[in-house]
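1. what follows is a protein structure lacking sequence information:
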Ligand code: 1CP
């Protein structure tokens, strides 16, 4: 008897295999925010859609922008085109994207009364447009490469829901954390239930791996990270179905600035951890051992440099991971997925990305 499941046909499954630390022929690669403003074809489609949310809600156009980077680069995974803020929008917070300012909520939740009124959205009702996009993208991909679904972590979503938009210091949210932690726990608990049901629905609709983006967990103290961020991600991980279509659905946790919590993150039951560029990949590997795969971690700013620097930095990332690989791990089963340490910036040239992926494909 074997516990391994029979994989459904997928022409290129090296991303899913690496997430489970199975043997691969080369390091798989994709890039956070691979569909987005750095691509001229994205800017054109976004203009055609009207607003960013109109683009997310239009199944055909959301599918189109997901496919755009795949036509340029030999990446090993596609990521659903959507946003982490769809959940609070579906909860009634009224999301708008303001040019030059980013996301804005018309109805932020700043007190106990507002927080207690929040409900868990039905993913096949208020968020059906996201599931429709997942289904359309899977059809369009036609088994070529796997599709990643995603959500924000409860802590990261709470930063936007309480602050009302992007924030530098999260002053309102942290004031609530220190003065009325019970109310913050009520908020995080409702958001965690919403994220769980949203990711479960994405998996049912066809997402073959899921990533939880904890973009702002790194702003917390050690103790508060465990209580207000990790705790809720752990709860989500434990409630996700881990198999679909006869194949394991890996879960990736990414806390930006989370280098000091890697061992705790690895103990949540996640299959892989996203690593930003401030952590050495070899050290990360030594810390987590064989528990999880690692994804990352080139500084996106490398892509502002010339070709030689990009190629050299790609090799450094791959070599730094290799330096932490235990001798007992069989060659090819290292569990590394190449990625940036955070999303690509809108000002980076698509040609620089081409150089990066070319080097990973040759050297990885
Ligand atoms: O003007 C535009 O066209 C909007 C730019 C944009 C894009 C392309 C936003 C607004 N969201 C997205 C897509 C997006 N967002 C994806 C698509 C899939 C991909 O190709 O990777 C994903 C995974 C996200 C996730 C997301 N949204 C995160 C987590 C990842 C991260 O970068 O840390 C966060 C924090 C957001 C919020 C958000 N949405 C958009 C912006 C500009 C922001 C950041 C706001 C801030 O600075 O706080």
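-> Received, thanks. Computed from a predicted model, the values in this text were never measured in an experiment.

2. right, and residue 60 touches residue 137 too?
-> No. When contacts are counted by Cβ atoms under 8 Å, residue 60 is not listed as touching residue 137 (10.7 Å). Where you see a C-beta, it was placed from the backbone N, CA and C, and this is true even at glycine.

3. wait, is residue 296 part of a strand?
-> Yes. When DSSP: H, G, I helix; E, B strand; the rest coil is applied, residue 296 is found to be in a strand.

4. mind checking how far it is from the ligand?
-> With the distance defined as Cβ to the nearest ligand atom, to the nearest Å, residue 296 ends up 13 Å from the ligand.

5. I figured that residue hits residue 275, correct?
-> Yes. The criterion here is Cβ under 8 Å, and residue 296 meets it with residue 275 at 3.7 Å.

6. which parts of the stretch 201-350 of the chain are strands?
-> Using DSSP state E, counting those that start in this stretch, the strands of the stretch 201-350 of the chain run over residues 209-214, 243-244, 247-248, 251-255, 272-274, 293-298, 336-340.

7. phi first, then psi, for residue 102.
-> Here is the backbone geometry of residue 102 (degrees, to the nearest 10): phi 90, psi -160.

8. and the helices in the stretch 201-350 of the chain?
-> Along the stretch 201-350 of the chain, the stretches classed as helices by DSSP state H, counting those that start in this stretch are 222-224, 231-238, 262-266, 281-288, 307-323, 350-363.

9. which residues touch the third one?
-> The contact list for helix 262-266, computed with Cβ atoms under 8 Å, 6 or more residues apart in numbering, reads 226, 230, 233, 253, 255, 258, 273, 275, 279, 284, 287-288, 291-292.

10. just the buried members of these?
-> Neighbour counting by 16 or more other Cβ atoms under 10 Å classes 230, 233, 253, 255, 258, 273, 275, 279, 284, 287-288, 291-292 among the contacts of helix 262-266 as buried.

11. does residue 97 touch residue 103 like I think?
-> Yes. In this structure, residue 97 is within contact of residue 103 by Cβ under 8 Å, at 5.7 Å.

12. state the distance from the closest residue to the ligand within the stretch 251-364 of the chain to residue 79.
-> Nearest to the ligand, among the residues of the stretch 251-364 of the chain, is residue 343, at 3.8 Å (Cβ to the nearest ligand atom). Using Cβ to Cβ, to the nearest Å, one obtains 11 Å as the distance from residue 343 to residue 79.

13. so which bits of the stretch 151-300 of the chain are right by the ligand?
-> Proximity of the stretch 151-300 of the chain to the ligand, by Cβ under 6 Å from any ligand atom, involves residues 166, 213, 215.

14. in JSON lines, list the residues you listed along with neighbour count, pLDDT and distance to residue 24.
-> What follows is those, written out as JSON lines (neighbours: other Cβ atoms under 10 Å; pLDDT from 0 to 100; distance: Cβ to Cβ, whole Å):
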{"residue": "166", "neighbour count": "12", "pLDDT": "96", "distance to residue 24": "37"}
{"residue": "213", "neighbour count": "22", "pLDDT": "98", "distance to residue 24": "24"}
{"residue": "215", "neighbour count": "22", "pLDDT": "98", "distance to residue 24": "28"}
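
15. what about stretch 107-118, near the ligand?
-> No. Applying Cβ under 6 Å from any ligand atom, one finds stretch 107-118 out of contact with the ligand, separated by at least 13.8 Å.

16. so what touches that stretch?
-> By Cβ under 8 Å, 6+ apart, stretch 107-118 touches 91-94, 161-164, 172, 176, 180, 183, 186-187, 190.

17. tell me who's in contact with residue 228.
-> Neighbouring residues of residue 228 by Cβ under 8 Å, 6+ apart: 155, 177, 184-185, 188, 220.

18. ok, residue 70 next?
-> Under the criterion of Cβ under 8 Å, 6+ apart, the neighbours of residue 70 are 78, 145.

19. would you verify that it is located in a helix?
-> Yes. Applying three-state DSSP, one finds residue 70 inside a helix.

20. for the residue nearest to the spatial centre of the chain, list each beta-bridge partner.
-> The central residue of the chain, meaning the one whose C-alpha is nearest the mean C-alpha position (Cα atoms, centre = their mean), is residue 211 at 4.0 Å. Partner residues in beta bridges with residue 211, using DSSP bridges, are residue 150, residue 252.
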